[in-house]
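Trainee: sequence-free structure coming up:
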């Protein structure tokens, strides 16, 4: 795990097969344990990345234009791992998010 206070690494990483996202310093080790690749700290699956938080949030803001509530959902999702290939983890996370009474439903 990278300690952000000891580096200028500003990457945001996010799950390939799960919904987890966070700063590179929050990443765990890839489940293969045979490489130095970062992995989800919960399930160990691979991560993808963007260069910095601005790039991440610019993308989220763009989605928010067509999907009301998307930014609140993504903010809530930080650090949560819902596993599933082909978007199943994302859909599971969305169902949990939308299940809270009184919360504006996000439809993706």
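Mentor: Okay, I see it. Quick caveat, the model's predicted, so the values are computed rather than measured.
Trainee: make it CA atoms for all contacts and neighbour counts henceforth
Mentor: Will do.
Trainee: Centroid-nearest residue for the chain?
Mentor: With distances taken as C-alpha atoms, centre = their mean, the residue of the chain nearest its centroid is residue 21 (2.3 Å).
Trainee: So that one sits against residue 12, correct?
Mentor: Yes: the criterion here is C-alpha atoms under 8 Å, and residue 21 meets it with residue 12 at 7.2 Å.
Trainee: check contacts around the residue nearest to the centre of the chain.
Mentor: The contact partners of residue 21, by C-alpha atoms under 8 Å, 6 or more residues apart in numbering, come to 12, 13, 14, 15, 40, 77, 78, 79, 80.
Trainee: Closest one of those to residue 99?
Mentor: Taking C-alpha to C-alpha as the measure, residue 99 lies nearest residue 77 of those, at 13.9 Å.
Trainee: For that closest one, give me the backbone phi and psi.
Mentor: phi -70, psi -20 (degrees, to the nearest 10).
Trainee: picking that back up, and which of the contacts of residue 21 is nearest residue 93?
Mentor: Proximity of those to residue 93 (C-alpha to C-alpha) peaks at residue 77, which lies at 7.5 Å.
Trainee: right, and the closest one touches residue 22 too?
Mentor: No: counting by C-alpha under 8 Å, residue 77 stays clear of residue 22, with 9.5 Å between them.
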